[in-house]
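A.B. asks: Provided below are the primary sequence and the corresponding predicted coordinates.
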Amino acid sequence: MSRGSAAAEPARAAARAVSAARLQERLEAMAEIGATGRGGVNRQALTPEDVKARQLIVRWGLELGLEPFTDEIGNIFLRRAGTDAGSPPVLAGSHLDSQPTGGRFDGTYGVLAALEAVQALDALGIKTAAPLEVAAWTNEEGARFSPGCLGSKAFAAPGRLPALLAVKDLDGVSVADALIAARRAVPEARLRPLGIPVKAYVEAHIEQGPVLESKGKTIGVVTGIAGRRSFRVEIRGEEAHAGTTPPSRRRDALVSALRMIAGLERLMADPSETVRFTVGRLVVSPNAPSVVPGAVLFTVDFRHPEESVWRRLGEQIEAVCEANAGPCTVIVTEVSTTRPIAFTGIVRDTIEAVTEHLALSWMPILSGAGHDAENLALLCPTGMIFVPCERGISHNESENAAPADLTAGTQVLAGVLAELAGA
């Protein structure tokens, strides 16, 4: 999209046709599904609430004349035909599932922004060469089924489908079993294969952090997604009487765990604050006041955008734990790994160009959180559009975003889709 070019006019027109009121009405309607008493949503993947959300998005798509599809992992696609029948589609979307105490905008905004962008093009009678598809990916959050981004993982790597369908929730229900009701609920959605060719993918999302708000910027052009490494650390000591066992005779698993965590904190120390290191779970056994802990399990979540640092620090985690085990034994297991993703090329360039054409303030920004875009980036040119969220709060019922910012992000998305799909 060259500055001032005639070819930019469909993108500008699409942006102008975005309806802030319509977008807000749909956001509010979707937020009623799984609504919590504190203003958030509990719409975990493939629960009855998530199924209702799927039914609603399909109904809205049908009302706009979009053709619904699904696949073997339950992803939902709403297709607007292009003039070039042989062209792969340009996809835009996010997810509808939430954390147990999630917010109204995380994921949902990206799906509804894509739907509004397509409707804006329709309102102007703008045809695109490539088809456009609104995507709602299955189980991005990973709250009910782990790993997260399950639907986009299967889409990007169909060979993983059997293992992903076999994943079970805490009640022993598998993804395959939960999908039965989800498919039945949207009979209009025709089944098609995973991993169809895709021309490009764009995902709009609230930032889930405080940077845009603190910098006074309306749009974040996402440069990439930090790599993540997740570990489970299991420490085995020996239970003993708290009142009779001398310190020199103890094999206190909790003391060893605390030494390990302190050692990892030193390893991850970073004045630039680029490193993200979290011990999110700590399970002590037997967890009794008068018993020396005999076993501890804790988790490590480590993230960094540079692959060399991501690799170097991640590979030292086990050694640090072993060095601080003392009289206990420790087993460190890496449970998931996602390499850093960089967004470069046509999609990111187009997001920047459209944002400038719309005279919106913007800045480049890194995503520390994972998104479905990280899997689509393995298949096609991919980019993300961030908008501010209040105080950077997300995965929280008080999550909020200003309507003007949500509208601006949707305007950018509409213009980007017009450009990428060849309006």
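C.D. replies: Perfect, I can see it now.
A.B. asks: Could you look up the SS state of the residue in the chain sticking out farthest from the centre?
C.D. replies: For the chain, the largest distance from the centre (Cα atoms, centre = their mean) belongs to residue 244, which lies 50.3 Å off. Classification of residue 244 using DSSP: H, G, I helix; E, B strand; the rest coil returns coil.
A.B. asks: Only the C-alpha atoms, please, for stretch 270-288, written as PDB.
C.D. replies: Output of stretch 270-288 as PDB, limited to C-alpha atoms (Å, rounded to 0.1, in the frame of the first residue of the first chain):
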ATOM      1  CA  ASP A 270      17.600  -8.900  33.500                       C
ATOM      2  CA  PRO A 271      17.900  -5.100  33.900                       C
ATOM      3  CA  SER A 272      16.100  -4.500  30.600                       C
ATOM      4  CA  GLU A 273      13.100  -6.500  31.900                       C
ATOM      5  CA  THR A 274      12.900  -8.400  28.600                       C
ATOM      6  CA  VAL A 275      13.000 -11.800  30.400                       C
ATOM      7  CA  ARG A 276       9.700 -13.100  31.700                       C
ATOM      8  CA  PHE A 277      10.200 -15.800  34.400                       C
ATOM      9  CA  THR A 278       7.300 -17.100  36.500                       C
ATOM     10  CA  VAL A 279       6.800 -19.900  39.100                       C
ATOM     11  CA  GLY A 280       3.000 -20.100  38.800                       C
ATOM     12  CA  ARG A 281       2.300 -23.300  40.700                       C
ATOM     13  CA  LEU A 282       3.800 -24.600  44.000                       C
ATOM     14  CA  VAL A 283       2.400 -27.900  45.400                       C
ATOM     15  CA  VAL A 284       3.700 -29.000  48.800                       C
ATOM     16  CA  SER A 285       3.200 -32.400  50.200                       C
ATOM     17  CA  PRO A 286       1.900 -33.400  52.700                       C
ATOM     18  CA  ASN A 287       1.200 -29.700  53.300                       C
ATOM     19  CA  ALA A 288       0.800 -30.300  57.100                       C
END
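A.B. asks: so residue 236 touches residue 327, yeah?
C.D. replies: No: applying Cβ atoms under 8 Å as the test, residue 236 and residue 327 come out as separate, 10.5 Å apart. Just so you know, the C-beta spots here come from the backbone N, C-alpha and C atoms, and that holds for glycine as well.
A.B. asks: quick check, residue 336 in a helix?
C.D. replies: No: using three-state DSSP, the assignment for residue 336 is strand, not a helix.
A.B. asks: Would you mind pulling up the elements that the helix or strand hosting residue 21 packs against?
C.D. replies: Counting by DSSP states H and E, the element that carries residue 21 is helix 20-31. When contacts are defined as 3 or more Cβ pairs under 8 Å, 6 or more residues apart in numbering; DSSP states H and E, helix 20-31 sits against helix 48-63, helix 108-124, helix 403-421.
A.B. asks: export the ones you listed to CSV and tack on distance to residue 360?
C.D. replies: What follows is the helices and strands packed on helix 20-31, written out as CSV (distance: least, Cβ to Cβ, whole Å):
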stretch, distance to residue 360
helix 48-63, 26
helix 108-124, 15
helix 403-421, 6
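A.B. asks: Do a quick rundown of the strands in the stretch 51-200 of the chain.
C.D. replies: Ranges of strands in the stretch 51-200 of the chain, per DSSP state E, counting those that start in this stretch, are 67-70, 76-80, 90-95, 132-137, 190-191, 200-206.
A.B. asks: Go through the ones you listed and name the closest to residue 274.
C.D. replies: strand 200-206 (20.6 Å; Cβ to Cβ).
A.B. asks: CA atoms of whichever helix or strand comes after that closest one as PDB?
C.D. replies: Downstream of strand 200-206, the first helix or strand assigned by DSSP H and E is helix 211-215. C-alpha atoms of helix 211-215 as PDB (Å, rounded to 0.1, in the frame of the first residue of the first chain):
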ATOM      1  CA  VAL A 211       2.500  -0.400  27.100                       C
ATOM      2  CA  LEU A 212       0.100   1.100  24.600                       C
ATOM      3  CA  GLU A 213      -1.900   2.900  27.300                       C
ATOM      4  CA  SER A 214       1.100   4.200  29.000                       C
ATOM      5  CA  LYS A 215       2.600   5.500  25.800                       C
END
